[in-house]
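Enquirer: build the 3D model from these lines:
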Amino acid sequence: QVQLVESGGGLVQAGGSLRLSCAASGRTFSTFSSYAIAWFRQAPGTEREFVTAISRSGGGTYYADSVKGRFTISRDNARNTVYLQMNSLKPEDTAVYYCAAGVFSGLADSYNYWGQGTQVTVSS
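Expert: This is a model prediction of the structure:
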C-alpha cells in the first residue's frame, strides 16, 4: 500500500517555474521503488490528462507533447519522493496536479494509487 502526498503548488506568473513533490508515506520502505510514478492534471471542466511518468528505476521517462522540453520528472527512491520541475509555465498549465503510482504508462487506468492533488495557477 502506498499513500501519496503532493506539495509545491501555488500561484506563479507566466514564464515562471515551480517544483512539485510527490512524497510516499505509510508502509512504503520496500514498495516505493516497485511503482512507476506519473503526474496527471485536471483543469476545471476538463478531463484528467496525462502529464509525465517515470519508471521504477528512474531510467525511463515519458512526457505529454504539451509539456515536453518544459517539464522534467525525476525520482529519489531513497527519499520515497518524485519531483516535477516545471519551467516556462503557461496559463494553460493551470490545473490541479495529481501524482499516481502504478505501471509505467500514459493511461490513468494503469495507476492504482493517487494523491489528493496540488493546485497550480499560472497568471498571464
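Enquirer: switch to C-alpha atoms for all contacts and neighbour counts from now on
Expert: Fine.
Enquirer: point out where this structure drops to low pLDDT.
Expert: Low-confidence segments of the chain, defined by pLDDT under 70, span residues 28-30.
Enquirer: can you give me the strands for it?
Expert: Assigned by DSSP state E, the strands in the chain fall at 3-7, 10-13, 18-25, 36-42, 49-54, 61-63, 71-76, 81-86, 95-102, 111-114, 118-123.
Enquirer: could I get those strands as TSV with mean neighbour count?
Expert: Below are the strands of the chain laid out as TSV (neighbours: other Cα atoms under 10 Å):
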stretch	mean neighbour count
strand 3-7	19
strand 10-13	15
strand 18-25	20
strand 36-42	25
strand 49-54	24
strand 61-63	19
strand 71-76	20
strand 81-86	20
strand 95-102	24
strand 111-114	17
strand 118-123	20
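Enquirer: any idea how far the residue nearest the centre of the chain is from residue 124?
Expert: Residue closest to the average C-alpha location in the chain (Cα atoms, centre = their mean): residue 39, at 2.7 Å. Per Cα to Cα, to the nearest Å, residue 39 is found 23 Å from residue 124.
Enquirer: coming back round to it: the residue nearest to the centre of the chain pairs with what?
Expert: Beta-bridge partners for residue 39, by DSSP bridges, are residue 52, residue 99.
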